[in-house]
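Colleague: sequence-free structure coming up:
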Ligand SMILES: Nc1ncnc2c1ncn2[C@@H]1O[C@H](COP(=O)(O)OP(=O)(O)O)[C@@H](O)[C@H]1O
Ligand SMILES: Nc1ncnc2c1ncn2[C@@H]1O[C@H](COP(=O)(O)OP(=O)(O)O)[C@@H](O)[C@H]1O
Ligand SMILES: [Mg+2]
Ligand SMILES: [Mg+2]
Ligand SMILES: [Mg+2]
Ligand SMILES: [Mg+2]
Ligand code: NI
Ligand code: NI
Ligand SMILES: [Zn+2]
Ligand SMILES: [Zn+2]
């Protein structure tokens, strides 16, 4: 699973922020993960725990999942992602590259593949709590 | 000047909204215009006055200009548009198609033409006040 | 916050009877040459024709036609350049053909702006020259001008067909009319005709490699005298005129 | 809200000594063929090579190489497909080469995602096959991988040069290294060499039309035996190896 790759990205980025903003110690890092990324939060937390060190040693990582929703660029229709509709191969593909949803998902109303992923893609660092 | 084309677009759109939201009469329409569009508000108001009819007959049009600003996608630099830097031909080009600023403007810090127009393009209908 | 440009697009194109989109997905197959020559031929036949170059980062139609020293004028909007009897519109009139790097959102904004402010007047045909790829411009044309008819250009290469096939999928899902696939720089023995028919699209025929083309670019009289032009007249024109 | 993918890109490419971007701006000039054949030749010379297809709406390198039935694997990231001794990565492994319409923001997200999660390991060369146009993907490569060296491909046509010139402007403004311009499907008498030198870029030489190419697509052994491959070896290889 590429949870490890993403965990590494999170640690690297937090370390950059810690350096830049001169933190002495980090207590908590809040992450949001889009549902489309289909990340196993268990593995993710395990990886983060394994990789953190130095000023992050004692940091807690909280993960919030964001439901995925789409908005059709043609008819304006809004709908939510239904993961059960796809076989494992397609799920894995979307897990790696959420944009390939444009291959497998169409607007339920007008059948267009021209939609925006309103929410539910990506992995973001929302907040860092620590001591400067 | 293509103020007339844009005024026509405003009137058509407001009429659509009036129809859809079942207004009996419109008192006021608030517009914002991006500085990059370099619209002559005098001509714009004249054109709107000339074109309004029916339920829009008595509508007042208020126009607010938005200063143009850019954000560099490469170095993150933020800067504002300085219209005096360009000759008349370039000004006219940007007036018609604000995106051609990518031809004539570069990030003052890193010289990249890869920037976003943060504010200052387009013409938007912000609010309609009327009687339903 | 409502963008009023969108509502006016239909109105601006009200006087335009037929919109032909020359597209492919694949680059370098002859879209711009086809669009330009087709526009010229229709003009010579007496139709009122507009040609709109939508390949904003690599516009070509002004070079093919050899437009020089002209500019759109203003009259309650933008009035296209009148050249060789047709109405031509391209971003080069504003970029002076200088380097213009554009992200997707920019492409979308330019298309909307051009459709909202260009006054085409009465036209029998508006020809759109499309960029390669299946991106913002293609999606926006489908979104804003659903009555468009697509003329697809391919070469005999499997690499071109692979992309054309993807574009056909998209167009079919949106019930957009496909006039057919034109084979360009073709040979007599290619498998393209069969591939095209297998996906349920009309095959329009093949235009051979024409060594007069490069020397004719920028010279309309020479262009008219190429084998390429007579092929467009023979293979494309009947298919465009018949459905009207 | 910070996107952690961006910071990891440099780290992911730490083991990659040299990044060669095959680009043009113009479509259909032979970028994908050049990128694929160059990757194969470098591999045969004993270098460790990666090939990343960045033409997300019309990927071609998997067809040129003839990759079938393989998939990237996972190990703390995505491990590219190993084929003919090189490491290959393309969106087709996830789209199954089905129709994929993407707007600019999507292109940007896919590129970031691929750069952030692909584990290339140790490489002498990573070759990037670029889409046509001067848009999101080109701008993002410049933004995220500024140490890239660009290999530009053109044809003798004025239409191709017009676009290459725009790309050169962009690259120069950003101090990106340009290896040179390769003329493809060339003739002996073209003016391209002079045009290229006039804008201060190295002209690498010309590859003729090769009628063996189409029949060699999808067959690596045949590709190696084409005149195209020997031209790449002769014209491009020295220019890529010398600066190292
Ligand atoms: N039938 C043909 N014979 C010879 N050259 C051609 C032919 N069709 C197109 N070309 C050339 O191929 C190149 C690509 O054509 P162009 O119209 O620019 O393609 P696109 O718009 O699809 O990128 C141009 O240099 C053009 O002159
Ligand atoms: N030197 C050449 N001789 C013959 N055909 C060529 C040559 N170079 C490229 N081609 C063909 O031209 C077409 C475009 O090549 P491709 O590599 O897909 O270009 P791009 O990636 O720039 O769009 C393909 O069908 C390819 O097989
Ligand atoms: Mg989208
Ligand atoms: Mg921009
Ligand atoms: Mg073209
Ligand atoms: Mg290619
Ligand atoms: Ni995984
Ligand atoms: Ni004006
Ligand atoms: Zn829809
Ligand atoms: Zn900058």
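Modeller: That came in fine, so what should we check first? Please read all numbers here as calculations on a predicted model, not as lab measurements. Ligands and ions are numbered 1, 2, ... in the order given.
Colleague: so what pairs up with the residue of chain C found nearest ligand 8 in the strands?
Modeller: Using C-beta to the ion, the point where chain C gets nearest to ligand 8 is residue C:74, with a distance of 5.4 Å. Backbone N, C-alpha and C define where each C-beta goes, glycine included. Applying DSSP bridges to residue C:74 gives these bridge partners: residue C:78.
Colleague: same question for residue C:149.
Modeller: Counting by DSSP bridges, residue C:149 forms beta bridges with residue C:20, residue C:177.
Colleague: distance-wise, check it relative to ligand 2.
Modeller: For residue C:149, the distance to ligand 2 under the criterion C-beta to the nearest ligand atom, to the nearest Å works out to 25 Å.
Colleague: please apply the same query to residue A:123.
Modeller: Distance check for residue A:123 against ligand 2: by C-beta to the nearest ligand atom, it reads 32 Å.
Colleague: strands of the chain, start to end?
Modeller: Just going to use chain A. For chain A, the strands identified by DSSP state E occupy A:25-34, A:60-66, A:69-72, A:78-80, A:115-119, A:123-131, in order along the chain.
Colleague: oops, I was thinking of chain C
Modeller: Listed in chain order, the strands found in chain C under DSSP E are C:16-23, C:49-53, C:73-74, C:78-79, C:81-83, C:86-89, C:123-129, C:149-154, C:177-186, C:203-208.
Colleague: for residue D:154, which of those is the nearest?
Modeller: Minimum separation from residue D:154 across the strands of chain C (C-beta to C-beta) falls at strand C:177-186, 17.1 Å.
Colleague: that closest one and ligand 2 in contact?
Modeller: No - contact of strand C:177-186 with ligand 2 (C-beta under 6 Å from any ligand atom) is absent, the minimum separation being 8.8 Å.
Colleague: packing partners for that strand?
Modeller: With contacts defined as 3 or more C-beta pairs under 8 Å, 6 or more residues apart in numbering or on different chains; DSSP states H and E, strand C:177-186 has these neighbours: strand C:149-154, helix C:158-173, helix C:192-198, strand C:203-208, helix C:237-242.
Colleague: how about the strands of chain A, which one is nearest residue B:117?
Modeller: Checking these against residue B:117 by C-beta to C-beta gives strand A:115-119 as the closest, at 19.2 Å.
Colleague: what's next to the closest one, contact-wise?
Modeller: The list of residues contacting strand A:115-119 from outside it, by C-beta atoms under 8 Å, 6 or more residues apart in numbering or on different chains, reads A:34, A:36, A:66-73, A:78, A:98-99, A:101-102, A:105, A:107, D:105.
Colleague: contacts only, for the residue in chain C that ligand 3 sits nearest to.
Modeller: Sorted by distance to ligand 3 under C-beta to the ion, the residues of chain C start with residue C:139, at 8.7 Å. Residues in contact with residue C:139, defined by C-beta under 8 Å, 6+ apart, are A:73, A:114, D:101, D:103.
Colleague: what's the most distant pair in those residues?
Modeller: For those, the maximum inter-member distance is 10.1 Å, found between A:73 and D:101 (C-beta to C-beta).
Colleague: which neighbours do the two have in common?
Modeller: Overlap between the neighbourhoods of residue A:73 and residue D:101 consists of A:114, C:139, taking contacts as C-beta under 8 Å, 6+ apart.
Colleague: more crowded one of the two?
Modeller: Legend: neighbour count by other C-beta atoms under 10 Å in any protein chain shown for residue A:73 and residue D:101, higher for residue D:101 (26 against 21).
Colleague: with adjacent residues omitted, what lies nearest to residue C:91?
Modeller: Once its chain neighbours are removed from consideration, residue C:91 has its nearest residue in residue C:56; the separation is 5.0 Å (C-beta to C-beta, 6 or more residues apart in numbering or on different chains).
Colleague: run a quick neighbour tally on the one you found.
Modeller: Residues near residue C:56, counting by other C-beta under 10 Å, number 27.
Colleague: check contacts around the residue in chain A positioned nearest to ligand 5.
Modeller: Nearest residue of chain A to ligand 5 (C-beta to the ion) works out as residue A:114 at 22.2 Å. If you count contacts by C-beta under 8 Å, 6+ apart, residue A:114 has them with A:72-74, A:107, C:139, C:142-143, D:101, D:103.
Colleague: could you do residue C:81 as well?
Modeller: By C-beta under 8 Å, 6+ apart, the contact set of residue C:81 is C:67, C:70-72, C:87-89, C:93.
Colleague: just the buried residues out of those residues, in PyMOL syntax.
Modeller: Taking 16 or more other C-beta atoms under 10 Å in any protein chain shown as the burial criterion, the selection of buried members of the contacts of residue C:81 in PyMOL is written as:
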select buried, chain C and resi 67+72+87+88+89+93
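Colleague: biggest separation within the contacts of residue C:81, which pair?
Modeller: Greatest spatial distance among these (C-beta to C-beta): C:71 and C:87, at 13.2 Å.
Colleague: got a list of what the residue of chain A most remote from its centre touches?
Modeller: Relative to the average C-alpha location in chain A, and by C-alpha atoms, centre = their mean, no residue lies farther out than residue A:110, which sits at 28.2 Å. Contacts here follow C-beta under 8 Å, 6+ apart; on that basis residue A:110 touches A:72, A:74-75, A:77, C:174.
Colleague: understood, closing this out.
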